[in-house]
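S.K.: sequence and predicted structure below; questions after.
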Amino acid sequence: MAKFMLPQTTMKRMWNSLDRMQSPIIKGMGAVLVVVTIALIASIGFELVFFTGPLLFGDYKLLLWLHWTFSAYIVSLISFNFYMCVVTVPGYTHTLKRELDRIETDARRRSGDAGGSGIDPSGEELGRIGGGDEVPLIATSASRGHKNSENEGANVESSGSATTIVMEDPYGVLAMPKCRHCKHPKPERAHHCKICNKCVMKMDHHCPWINNCVGHFNHRYFTLFTLQACIGTGYFSILSSPIFYDTFVSVEHHYKFSAYSRLDLFLLVFMLSTALSIMIGIIGGLNLYYVITAQTQIEVLDNRWLQQMARMNGGTFVNEFDVGTWRNLRIHFSMAPREGANITGGWIGLFLPLIRKPVGQGVTYTKRSVCVSPYDVLSHVSLHSLRLFSVHSSRIHAA
């Protein structure tokens, strides 16, 4: 028996070792990719201003100045949103863990102040907080009919022989499930990133190009970065294509280069820019589609499975976070309400380098007015229960 178990145990150990090595390798590679991205942005900006523009519009001063203005504008937008993607914390759940610890500590202290023992008059033990040590929310007390005004954040009310301790829980951490990796409270749409080893609020994915997770607090900047990078690289590639054709393909050459021109550098930047414009265009288009439909890359896979389950049972799956195309966009880009919004609070703000906080704190999200939540169930119950729920949910939303 041991002979047959040895290969399986060895493979499991090797897999665990590779899994532990994954995080530092990707983190190190991400730091290199951030430097490479900065170099690419600087190279494209340099070629636009000092090579492509003067070569194409040297005889047309107005067009040259317009080209320089647009080039500086688009490069500055790309640089700003890339910087915000890198430095903005996507939203980790350690703040919720601190809130849970605070509530547990206060509950212990206030239950002690109330003279509680954690046992009700019938002899049964009372509630738990956070799945840790037992902390009574209702404790017995010798004193009757009083409120403890010294306890901030909680009310201690006595009725008969039992004292009810009402704790303030603004984020609802007591009702949240726990992450099986970091044991932190896990709000809806949060997922654990194995590379960062943290739970990320509304996690979309871990992007090595920004060496950071894309989550609740930096998703807006990532979307703008991909769209603007596609425009910037596409603009350079389209504008430089006549120069590339004339220099490297055509027999006759119409453009005159100075002695200091680096055609090898131009060729390298042109090829990279053309490839990146296509790649980033695909990534940005998919990301924009997910934004319009109020999904993340992780949720898309789950929702597809739920759609199949609903279709098999003659129903229609409804995404509870999808509140309509335009409202999804306004929420994602943190646009102010139409009433009383200033000029930068609407769509114009997307074309300016502005810092905006997202809607909400990453704990709860805007939902349809009446909708059952299959995604909440996905974090709580077994696969069998999820299948049963999908059947029931699909029948509820059947056309």
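M.R.: The structure has been received and is ready for your questions. Since we're looking at a predicted model, the values are computed, not measured.

S.K.: can you name every helix or strand that the strand or helix carrying residue 227 contacts?
M.R.: Assigned by DSSP states H and E, residue 227 falls within helix 219-248. Applying 3 or more CB pairs under 8 Å, 6 or more residues apart in numbering; DSSP states H and E, one finds that helix 219-248 contacts helix 2-47, helix 53-57, helix 61-87, helix 263-292, helix 325-332. For glycine as for every other residue, the C-beta is placed from the backbone atoms N, C-alpha and C.

S.K.: for the ones you listed, give me TSV that also has distance to residue 212, mean neighbour count and mean pLDDT.
M.R.: Shown next, in TSV, are the helices and strands packed on helix 219-248 (distance: least, CB to CB, whole Å; neighbours: other CB atoms under 10 Å; pLDDT from 0 to 100):
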stretch	distance to residue 212	mean neighbour count	mean pLDDT
helix 2-47	8	13	79
helix 53-57	33	17	89
helix 61-87	6	17	96
helix 263-292	15	16	93
helix 325-332	18	16	92
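
S.K.: which stretch among the ones you listed comes nearest residue 192?
M.R.: helix 2-47 (12.1 Å; CB to CB).

S.K.: residue 224 touches residue 352, doesn't it?
M.R.: No - the criterion here is CB atoms under 8 Å, and residue 224 misses it with residue 352 at 10.4 Å.

S.K.: remind me which residues of the stretch 251-399 of the chain are low pLDDT?
M.R.: 258-260, 338-343, 370-399 (pLDDT under 70).

S.K.: so where do the helices sit in it?
M.R.: 263-292, 297-312, 325-332, 374-378, 383-396 (DSSP state H, counting those that start in this stretch).

S.K.: can I get the ones you listed in TSV with distance to residue 25?
M.R.: Converted to TSV, those look like this (distance: least, CB to CB, whole Å):
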stretch	distance to residue 25
helix 263-292	22
helix 297-312	21
helix 325-332	32
helix 374-378	30
helix 383-396	32
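
S.K.: and of these, who's closest to residue 171?
M.R.: Short answer: helix 374-378, nearest of those by CB to CB, at 15.8 Å.

S.K.: quick one: which of the helices and strands packed on helix 219-248 is nearest residue 231?
M.R.: Comparing these by CB to CB, helix 61-87 comes nearest, at 6.3 Å.

S.K.: now the most centrally placed residue in the chain, nearest residue through space, not along the chain?
M.R.: Geometric centre of the chain, nearest residue: residue 215, 1.5 Å, by CA atoms, centre = their mean. In space, and not counting its chain neighbours, residue 215 is closest to residue 90: 2.8 Å by CB to CB, 6 or more residues apart in numbering.

S.K.: so what touches stretch 60-79?
M.R.: 41, 44-45, 48-49, 53-54, 56-58, 224-225, 228-229, 231-232, 235, 239, 351, 353 (CB atoms under 8 Å, 6 or more residues apart in numbering).

S.K.: hmm, back to that, neighbour count for residue 224 and residue 352, which is higher?
M.R.: For residue 224 and residue 352, the more surrounded residue by other CB atoms under 10 Å is residue 224, and the numbers stand at 23 against 10.
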